[in-house]
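> Got a predicted model here, sequence first, then my questions.
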Amino acid sequence: MNATVEGRLLVRYDLIRAHLTAAAAFMVVSMLGGLSYSFQLHNLYPFSGIEWLSPGRVRLVHTNMAAYGFIANAFIAGLLFAIPRLTRRPILSDALGWVIFGAWQLIMVLTIVGQLLGYGQAIEWGETPIFVDPLVMVGLVLLVINMAAPIVTTKEEGLYVSLWYFLAAFAWTGLVYFMGNYLPQFWVPGTAGAAITGLFIHDLVGLFVTPIGWGLMYFFVPMLLRKPIWSHALSLIGFWGIAFFYPMQGVHHFLFSPIPMYAQYGAVIATIAIEVVVLTVIVNFFGTLHGRAEAMRGNLAIRWFYTGMIFYGITCLQCAFHVTLTFQKIIHFTDWVVGHAHMVMFGVFGFWIFGLFVDLWPRAVGRDWVNPRLLTMHYWMTTIGLVLMIIDLTAAGLVQGFSWASLAPWSESVIASQPFWIARTFSGLLIIAGQALFLYALWITAREPAVTPSLDRAAVEAA
Amino acid sequence: MERFGANFLIAGVVTFLLGFFLQGVMPIITLRKVPVKTVEEMAANPPDSFYQLAEDYPVEFQKVYGEANPQSFAKALRTGRDVYVAEACWHCHSQFVRPVSNEDLRFGPVSTAEEYQNDMFLPHLFGTRRIGPDLIREAGKRSNDWQMAHLYDPRSVNPWSVMPGYVWFFDADRRPQERALALVAYLQWLGSWVQPGARQAAMAPAAAPAPGGAG
């Protein structure tokens, strides 16, 4: 049963359901955008000649909806569940929660429309049109007020690790968004501006998505495994290491650019340092799984979470190598990096979000999964599709990089990429087919009215 | 208790500021001695290609820009940059030459920070992906006509190209409209400030790459 605090429901499942639904909807938009764009590279673009569906614009929709439509919405849903549970206090105001929900979806729609009309901003990962940026800032501030209130006023003894991450993320997100979307656009031109956009690309992943993602893992994994996190010391090292090293590596997105070399070396060193830190976090989670490994088979949410963590480990290992100048010479500007980005944004955070769905959706709609087999198929199709995509793009990146360095005509690299791009489209289709099953599973589960008023198994489990 | 929670918020702000200082403010400080030029200053001496554009497409040019002069060039540069941003050309093209991977031989002189200290690079368009070649040394590499034909239908000049065609920059008679004129003026400006011959000099030590492809 959903507990009540001072006459209010502790967890607002209706709000969670709304955010999860929006996340699924924007995931579809993002994936269709990515799929169409991939056809441009076969010269089979379906909307060729239609101005507002110009491939460049559609690509903006693809990345922005992945980050802000899919990931942000799903993370808000996760926070709406985790924070009240951890603090035993509801969010500041349910009405404000709905305002934020509405505002955020409005921002998404304005972003899509603005970008398709040609108002996308030239800030990577911050392409939300200039006129949308102030709305995002307001939305983020409201979100932080609403979500930080229960943490700041909780009467619980000591703050749990998840809340450290959430609080830090609340401080970071608005600052990062402002820095990235305003400074290089209006005040800092050229090379120094590039340093700041590099920082923004990085901080968006490192200071918004990463801390909320890990915060949710620190909450959901112990809850589902019904055992505490393995080592508190490692949790501490992980948090403070991430907080310290993550914000100082932005320039590694522009190595060998005209940005001053000391900033580039600084970024390289901080990046290698963070890999060590992140390793401690991963070790901590696998230490927690130790002895309960059968949950990987029996519990689908756990399986998504840990598969994401394996991808996380691989990306981080990858980072430590490709931040070196030796690797940069060849792989920068190639599909290798595109593979890396898909592994992080989708393989890690997307997978964690699917895990959230597996656990939260039945609570949110008050009904158990009608057909869990569909979910298993979703898992396998997504995982296999993504693994193929990553291998394919990584290999493509090497071919492109060496082709360019060899001074072969540009045509060579484009022609040599064709088979890889075809394989990428097919791997994408496999992923999308998996999502179709997933959406169907969501729909048939939600379709009927709730069988129990509010199914709340974990209220008991978590206590 | 409340103090304890505030610690994490404060830690967030402090670590952010530290990183911002090291990775964002320090480069600004290093570059502060290089004055930031305005678009008008950058457009003071339009390259020949711009006057050529007025001759190549007299009716269309006259309609949008009147005469070819520094004022109209500044306007064209701004519009050209905005179109480049609107179509997100920067997702497929970078705008800096690295000192590695033989890029100076392929594209021309390695980029320096000074080149970007002007309002045309607000926002900068460095880019992080190359599906097509780098464009910061594009000036004078191709004729205006080539650029026009290429924008309308890239495969008409390079059958293997995967670049989209931008037919909406042209009217029904395939005559360039404002966006096409501005974009070509912009492309022909990219790198026009580099000494003529610098590219050839950079190419000299190596065997010339196959014609038509290396650029």
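Yep, it's here. Numbering: from 1, shown residues only, chains lettered A, B, ... in the order given.
> I'd say A:A423 and A:L388 touch.
Yes. Contact criterion Cβ atoms under 8 Å: A:A423 and A:L388 qualify, at 7.0 Å. Yep, even glycine has a C-beta here, placed from its N, CA and C like the rest.
> which parts of stretch B:35-45 are buried?
Neighbour counts using 16 or more other Cβ atoms under 10 Å in any protein chain shown place B:36-37, B:39, B:42-43 of stretch B:35-45 among the buried residues.
> So for it, mean pLDDT?
Taken as a whole, stretch B:35-45 has an average pLDDT of 95.
> same deal with stretch A:424-431?
On average, stretch A:424-431 scores 98.
> What is the distance between that stretch and the centre of its chain?
For stretch A:424-431, the separation from the chain centroid amounts to 20 Å (computed by Cα atoms, centre = their mean, to the nearest Å).
> now check that stretch, is it near chain B?
No. Figure legend: stretch A:424-431 not in contact with chain B (Cβ under 8 Å from any Cβ of the partner chain); closest approach 12.7 Å.
> Quick check: buried residues in that stretch?
Neighbour-count burial for stretch A:424-431, counted by 16+ other Cβ under 10 Å, picks out A:424-425, A:427-428, A:430-431.
> can you put those residues in CSV and add secondary structure?
Listed next are the buried residues of stretch A:424-431 as CSV, based on DSSP: H, G, I helix; E, B strand; the rest coil:
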residue, secondary structure
A:R424, helix
A:T425, helix
A:S427, helix
A:G428, helix
A:L430, helix
A:I431, helix
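> hey, where'd the helices end up in chain B?
In chain B, the segments counted as helices under DSSP state H are B:2-20, B:26-31, B:39-42, B:48-56, B:58-65, B:70-86, B:103-106, B:144-152, B:154-157, B:178-189, B:198-203.
> okay, the residue of the stretch 301-450 of chain A found nearest chain B: pLDDT?
Across the stretch 301-450 of chain A, the shortest distance to chain B (Cβ to the nearest Cβ) belongs to A:P409, at 2.1 Å. A:P409 carries a pLDDT score of 97 in this model.
> And for B:S192?
94.
> Give me the nearest residue to whichever residue of the stretch 201-350 of chain A sits closest to chain B, chain neighbours excluded.
Nearest residue of the stretch 201-350 of chain A to chain B: A:P247, at 2.7 Å (Cβ to the nearest Cβ). In space, and not counting its chain neighbours, A:P247 is closest to B:G19: 2.7 Å by Cβ to Cβ, 6 or more residues apart in numbering or on different chains.
> Check A:V281 too.
Of all residues not flanking A:V281 in the chain, A:G238 sits nearest, at 3.8 Å (Cβ to Cβ, 6+ apart).
> which ones are touching the one you found?
Counting by Cβ atoms under 8 Å, 6 or more residues apart in numbering or on different chains, A:G238 touches A:214, A:277-278, A:280-281, A:284.
> any idea how far the nearest residue to B:A88 once chain neighbours are set aside lies from B:H91?
Counting by Cβ to Cβ, 6+ apart, the nearest residue to B:A88 once its immediate chain neighbours are dropped is A:G56, at 3.3 Å. According to Cβ to Cβ, to the nearest Å, A:G56 and B:H91 sit 6 Å apart.
> likewise A:F346?
Going from A:F346 to B:H91 by Cβ to Cβ gives 18 Å.
> what about these two, which has more around it?
Taking other Cβ atoms under 10 Å in any protein chain shown, A:F346 and B:H91 do not tie; A:F346 has more neighbours (27 against 22).
> Assumed that one was part of a strand.
No. Remark: A:F346 does not belong to a strand; assigned using three-state DSSP, it is helix.
> right, and it touches A:T63 too?
No. Contact criterion Cβ under 8 Å: A:F346 and A:T63 do not qualify, at 11.2 Å.
> Please list all residues in contact with the closest residue in space to A:Y68 that isn't next to it in sequence.
Here the nearest residue to A:Y68 in space, its sequence neighbours aside, is A:M108; by Cβ to Cβ, 6+ apart that works out to 6.4 Å. Residues near A:M108 by Cβ under 8 Å, 6+ apart: A:22, A:26, A:65, A:68-69.
> Give me the buried subset of the residues you listed.
Buried subset of these (neighbour count, 16+ other Cβ under 10 Å): A:22, A:26, A:65, A:68-69.
> between the residues you listed, which is closest to chain B?
A:M65 (14.6 Å).
> Quick check: the closest one touching A:A25?
No. In this structure A:M65 lies outside contact range of A:A25 using Cβ under 8 Å: 9.3 Å.
> So the residue nearest to B:A88 is in contact with B:Y84, correct?
No. With contact defined as Cβ under 8 Å, A:G56 does not count as touching B:Y84 (9.5 Å).
> Checking A:N43 next. Helix, strand or coil?
Secondary structure, three-state DSSP: A:N43 is coil.
> Ramachandran coordinates for it?
Note on A:N43: backbone dihedrals following degrees, to the nearest 10 are phi 60, psi 30.
> go on, A:F333?
The phi/psi pair for A:F333 (degrees, to the nearest 10) is phi 80, psi 0.
> I'd say it and B:T128 touch.
Yes. Counting by Cβ under 8 Å, B:T128 is a contact partner of A:F333 at 7.0 Å.
> Okay, and A:I100 sits in which element?
Using DSSP states H and E, A:I100 sits within helix A:94-116.
> so how far is that helix from its chain's centroid?
Here the centre of helix A:94-116 is set off from its chain's centre by 18 Å, with Cα atoms, centre = their mean.
> swap in stretch B:9-23?
Put simply, stretch B:9-23 sits 32 Å off its chain's centre (Cα atoms, centre = their mean).
> List of residues touching that stretch?
Looking at what lies outside stretch B:9-23 - Cβ under 8 Å, 6+ apart - the contacts are A:148, A:167-172, A:175-176, A:179, A:195, A:198-199, A:203, A:207, A:243-244, A:246-251, A:263, A:266-267.
> Check stretch A:152-169 too.
A:79, A:82-83, A:86-89, A:147-148, A:151, A:207-208, A:211-212, A:214-216, A:218-219, A:229, A:235, A:239, A:243, B:1-2, B:4-6, B:8-9, B:11-12, B:15.
> Done for today, thanks.
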